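[1] Predicted structure and sequence below. I'll ask about it afterward.
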Amino acid sequence: MPADKWNDQTARAILRAMLDAAIAAADPAPRLAACLPPRPQGRVVVVGAGKAAAAMAAAVEAAWGAIDGVVVVPHGYTVPTRHITVLEASHPVPDARSEAAARAILAAVEGLKPDDLVLALISGGGSALMALPAPGLTLVDKQAVTRALLASGATIHEMNCVRKHLSAIKGGRLAAAAYPARVVTIAISDVPGDDPEVIASGPTVPDPTTFAEARAILDRYRLAVPPSVAAHLDRAEDETPKPGDPRLASAEFRFLATPFASLEAAAGVGRNHGLTPLILGDAIEGEAAVVGTAMAGIARSVREHGTPATAPCVLLSGGETTVTLKGSSGRGGRNTTFLLGLALSLAGCEGIWAIAADSDGKDGNLDAAGAVVGPDTLARARALGLDPRAMLAANDAGTFFERLGDLVVTGPTLTNVNDIRAIVIA
């Protein structure tokens, strides 16, 4: 598209089309049947946890008919199933329903035989939704640690290392409980690097991390935890199943959708609109506002120097940034925080627009997936009397974009391949 044809309305429409394509690329319904193994002679039991678990369960039923099982999803992510039970629980902090769901899932895989098959449907959010405290710990203990980790700026790899060592179901323990049945995991990745042992804290795969690593993470972030948690980690009893554990020897892991595939789908939309796509990576981490500042620098380089790409182009990225909370009253999440950091660094630079959204449809504590920024974002904000730097410092980026009318609302998408970010330079 010629540079003189670009305007705010056009840029926003193309950005939203790229986001929609990225989300559609992770839709379980048209893809799951191709991931299924041959149907066994014995029983089939479906279990699962995560934001896509109900949609995945419905797709299994569409392919294989009447099958027993139980999956757990956050509120609003339920879809109709005929036989598989769909439970709801809390996310991102577990609640009593999370514990009940974990017990129901473990009960579903008890007493199976070698010719039986467990289909484990795993996606982002499963760590909180399927939360069974290790012996000697309580749900209150796990809730306290989860809240502390969420506020600390810890990465998802670090958070899930700790979670696994406080759990009776994560870190390979679900697959161990299903032994000697065959376990096939079908997963939608929401983690940088698509590491199976991190997705939903790896309930069906061996866990290479240790109690010592979990303790080191709490120390690194100087997190105060309940005495029972500290004592449990110090005792380091009953390690998670490790690589080579015979109970997990026949377990298989298959990807249904990944962040990179979604970025490629967004790139295709950009290309169709005359934009040269440049995928910067699907595993970008770090403080959200700092990543926004870095991305602004790359966008400026394109605009001013024609490198690392020439305009018109779109810079695409994914991953999971973090937000270190400094207050408790702000609204927003890592995507709105990223965008406000980006906008402040761009300082109204002409010809640059951006979208950032969580592919599950919810950014932090907002009922929105993310937001959009453009060259006039800061000017419009200041005309409304908003102080963008103060709101960023107060973890209130969500309110900032809500006041501007620039939030992106998708509703629950029934999938999750992490964050989708696109920056258009005309």
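    Great, that's in hand. Residues are numbered from 1 along each chain as shown.

[2] can you pull out the strands in the protein?
    Taking DSSP state E to define them, one finds strands in the chain at 44-49, 68-74, 85-89, 117-122, 182-188, 252-257, 276-284, 313-319, 352-358, 370-373, 407-408, 419-425.

[3] Can I get those in a markdown table including mean neighbour count?
    No exception for glycine: its C-beta is placed from N, CA and C like everyone else's. Formatted as a markdown table, the strands of the chain follow (neighbours: other Cβ atoms under 10 Å):
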| stretch | mean neighbour count |
| --- | --- |
| strand 44-49 | 28 |
| strand 68-74 | 25 |
| strand 85-89 | 19 |
| strand 117-122 | 28 |
| strand 182-188 | 26 |
| strand 252-257 | 18 |
| strand 276-284 | 18 |
| strand 313-319 | 24 |
| strand 352-358 | 28 |
| strand 370-373 | 29 |
| strand 407-408 | 23 |
| strand 419-425 | 28 |
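
[4] Among the ones you listed, single out whichever gets nearest to residue 145.
    For the strands of the chain, the distance to residue 145 is smallest for strand 85-89, at 17.0 Å, taking Cβ to Cβ.

[5] Strand partners (parallel or antiparallel) of the closest one?
    As defined by DSSP bridges, the strand partners of strand 85-89 come to strand 68-74 (parallel).

[6] hmm, who's touching the partner strand?
    Defining contact as Cβ atoms under 8 Å, 6 or more residues apart in numbering, one finds that strand 68-74 is touched by 43-54, 56-57, 83-91, 97-98, 101-102, 104-105, 108, 119, 121, 125-126, 129-130, 412.

[7] Quick check: end-to-end length of stretch 114-131?
    Across stretch 114-131, the terminal residues are separated by 27 Å (Cα to Cα, to the nearest Å).

[8] Figure out how far that stretch is from the centre of its chain.
    Between the centre of stretch 114-131 and the centre of its chain there are 16 Å (Cα atoms, centre = their mean, to the nearest Å).

[9] what stretches of the protein score poorly on pLDDT?
    The chain contains residues with pLDDT under 70 at 1-4, 327-328.

[10] quick one, what contacts residue 342?
    292-293, 295-296, 354, 356, 373, 423.

[11] Outline the domain layout of this structure.
    Per automatic domain parsing, the structural domains of the chain span 3-24+260-425, 32-257.

[12] Residue 54 - how many residues pack around it?
    27 (other Cβ atoms under 10 Å).

[13] and it, what is it in contact with?
    Residue 54 neighbours (Cβ under 8 Å, 6+ apart): 71, 73, 77-79, 81, 86, 414.

[14] For stretch 162-182, which residues meet the burial criterion?
    For stretch 162-182, a neighbour-count test (16 or more other Cβ atoms under 10 Å) marks 162-179, 181-182 as buried.

[15] so how far is residue 31 from residue 56?
    In this view, residue 56 and residue 31 are 10 Å apart by Cβ to Cβ, to the nearest Å.

[16] any residues in contact with both of these two?
    residue 256.

[17] Show me which of the two is the more surrounded one.
    Shown here are residue 56 and residue 31; by other Cβ under 10 Å, residue 56 has more neighbours (32 against 17).

[18] Nearest spatial neighbour of that one, chain-adjacent residues omitted?
    residue 121 (4.1 Å; Cβ to Cβ, 6 or more residues apart in numbering).

[19] my read: that neighbour touches residue 61, true?
    No - applying Cβ atoms under 8 Å as the test, residue 121 and residue 61 come out as separate, 11.4 Å apart.
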